[in-house]
Each structure stands twice: as structure tokens, then as C-alpha cells.
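**Student:** need a structure here:
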Amino acid sequence: MISAIFFFFISFGLVAFGQPAWFPWLSPLSAALGYALFWNALLELPFRRFSKVCTAVVWYTAVQLIQLSWMTSTEYHGFYILAVYAFLALWLGVQFGVVTFFLTSKEPLFVASHWGARWSLDNL
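**Tutor:** Numbers count the residues shown, from 1 in each chain. Coordinates of the predicted model:
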């Protein structure tokens, strides 16, 4: 349980700050390990499926709040952009939660990480 929580926070840091614009050296590591660590930790926790989906939604919404933080500038668009920012982050979190809903075992973790690492290395 403690290792799952530790991996949960490590994966959050890797994915949230692993943008090529911020830390180019961290993005391949983020794509290769970040999501796999999260899903591995989530599968180890003794939650029901609905609780795991809700955890994934909250986790990825928080990730997107960090990655989309550039949208918080109200200088040109006004304060309505903050509602758009919150909605977009939550919508992306819901999509990630739907993907997590179909994750039932540790078998697809390698595939997800391999695809993410390949995509990240191609876009560097």
C-alpha cells in the first residue's frame, strides 16, 4: 500500500512536469514510466472499479491543471477563460478515467508505456 502511494506521487510528478517545453529530458521518461507507474499503483490499491476510475479522473485532471496552466492568463480573454480551463482539464480527466475503466490487469501497462515512449521520442 505504501509503495502504491509512493508510485502514485512519483507518476504524478513525472507526467505533470514531463512536458517538452518545460523539461525536454524528462518527457521520454514521463511517457515511458509515468502512466505505467500510475496504473500499476492503481491496480495495487484495494479499491472498487468505480473508485479507481474516480481516482484516475482526479489524478489526470490535476495533471492537466498543471500542463494547461498557460491558459490562466486573464489579460486578453478575461475571466471566462478560467471556466474554459477548468472544463477542459476536467473533460480530459474524464477521458482518462474512461480508459482506466477498461484496465483490469497489469498486462496492458507495457503496451501503453511503449506507445507513449515512442510518441514522445518521435516528437522531440
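**Student:** what ranges of this structure fall below the confidence cut-off?
**Tutor:** 104-124 (pLDDT under 70).
**Student:** I'd like the distance between the residue nearest the centre of it and residue 87.
**Tutor:** Of all residues in the chain, the one closest to the mean position by Cα atoms, centre = their mean is residue 60, 4.1 Å from it. According to Cβ to Cβ, to the nearest Å, residue 60 and residue 87 sit 14 Å apart. All C-beta atoms are positioned from the backbone trio N, CA, C, and that covers glycine.
**Student:** same question, residue 68
**Tutor:** 11 Å.
**Student:** of the two, who's got more company?
**Tutor:** residue 68 (15 against 10; other Cβ atoms under 10 Å).
**Student:** which ones are touching the more buried one?
**Tutor:** 85, 88-89 (Cβ atoms under 8 Å, 6 or more residues apart in numbering).
**Student:** And those, which of them are buried?
**Tutor:** 85, 89 (16 or more other Cβ atoms under 10 Å).
**Student:** from the contacts of residue 68, which ones fall inside helices?
**Tutor:** 85, 88-89 (DSSP state H).
**Student:** Go through the residues you listed and say which is closest to residue 56.
**Tutor:** Residue 56 lies nearest to residue 89 out of those, by Cβ to Cβ, at 13.7 Å.
**Student:** so residue 103, which of the three states?
**Tutor:** coil (DSSP: H, G, I helix; E, B strand; the rest coil).
**Student:** Looking at the ones in helices among the contacts of residue 68, spot the one nearest residue 8.
**Tutor:** Nearest to residue 8 among the ones in helices among the contacts of residue 68, with distances taken as Cβ to Cβ, is residue 89, at 18.7 Å.
**Student:** isn't residue 101 right up against residue 49?
**Tutor:** Yes. With contact defined as Cβ atoms under 8 Å, residue 101 reaches residue 49; the gap is 6.9 Å.
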